[in-house]
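Undergrad: Below are the sequence and a predicted model; questions follow.
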Amino acid sequence: MILIAFLLIFQVLFASKVIHGQCTSNGTCVCHCGNCTSGCDACLPGWSGSTINHCQKYNTIYGKASTNTALLDGDFDTYVEDNNIPPYIRVEFQTFFKLRQVDVTLELAERTIYTVYVKNDSYRRADSMICLNFTSRDVSMKKTVTVTCNTPLTGNFFEIVASSFPGLPRTTLKVFEIERFGMYD
């Protein structure tokens, strides 16, 4: 019982420290909301996080693509779809970036292997460019998947490739949004 109480107190103190760290030293937060005067009801495009703290999570790749800009626009209703063999979706960025973690909102297909690449060459694929492989088993659904690279990779192309398990019909790839969050300075 004492341990549970200690953990609860620790969580409250830790959460208040994190919230305080996103704001200025006097406790006020810079507002990144649609309406900052009557209370924050929704975050501006490219921003996320708690509306209580005025949306302090910044999507560092918001609007920074040269191709497939619909994937970086903050709109989860727009998407890019491909049905090539194998289906892939590639985003070219305006500059090189270092990627460690990214959130990809996509429609997971049943029994599909997804490979995420970060690379400098648009058409070349190599094992050294693979950020991560992940698998969707028996469920088809729209989901945000947090992809954490095995090692940080640098490039100006982000690519995701979908491959069906052997013996299964081919799959399509539908991606709605790609986000990489960081704190705004």
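TA: Noted; the coordinates are in hand.

Undergrad: low-scoring stretches of the protein, by residue?
TA: 1-27, 183-185 (pLDDT under 70).

Undergrad: Tell me the spatial nearest neighbour of the residue most central in space within it, not counting adjacent residues.
TA: What sits nearest the mean C-alpha location of the chain, by Cα atoms, centre = their mean, is Asp103, with 1.8 Å. Distances taken as Cβ to Cβ, 6 or more residues apart in numbering put Glu179 closest to Asp103, at 4.5 Å, once the chain neighbours are dropped. In this view, the C-beta of every residue, glycine as well, is placed from N, C-alpha and C.

Undergrad: what's the offset of stretch 83-95 from the middle of its chain?
TA: Centre-to-centre, stretch 83-95 and its host chain are 16 Å apart (Cα atoms, centre = their mean, to the nearest Å).

Undergrad: what does stretch 142-154 give?
TA: On Cα atoms, centre = their mean, the centre of stretch 142-154 falls 8 Å from that of its chain.

Undergrad: Give me the phi and psi for Met129.
TA: Note on Met129: its backbone torsions stand at phi -100, psi 0 [degrees, to the nearest 10].

Undergrad: give me every residue that touches it.
TA: 117-119, 153, 155 (Cβ atoms under 8 Å, 6 or more residues apart in numbering).

Undergrad: give me that answer again for 6 Å
TA: By Cβ atoms under 6 Å, 6 or more residues apart in numbering, the contact set of Met129 is 117, 119.

Undergrad: and Gln94, how many neighbours?
TA: Gln94 has 11 neighbouring residues, counting by other Cβ atoms under 10 Å.

Undergrad: same question, Ile61
TA: Ile61, neighbours per other Cβ under 10 Å, totals 22.

Undergrad: Give me the secondary structure label for it.
TA: coil (DSSP: H, G, I helix; E, B strand; the rest coil).
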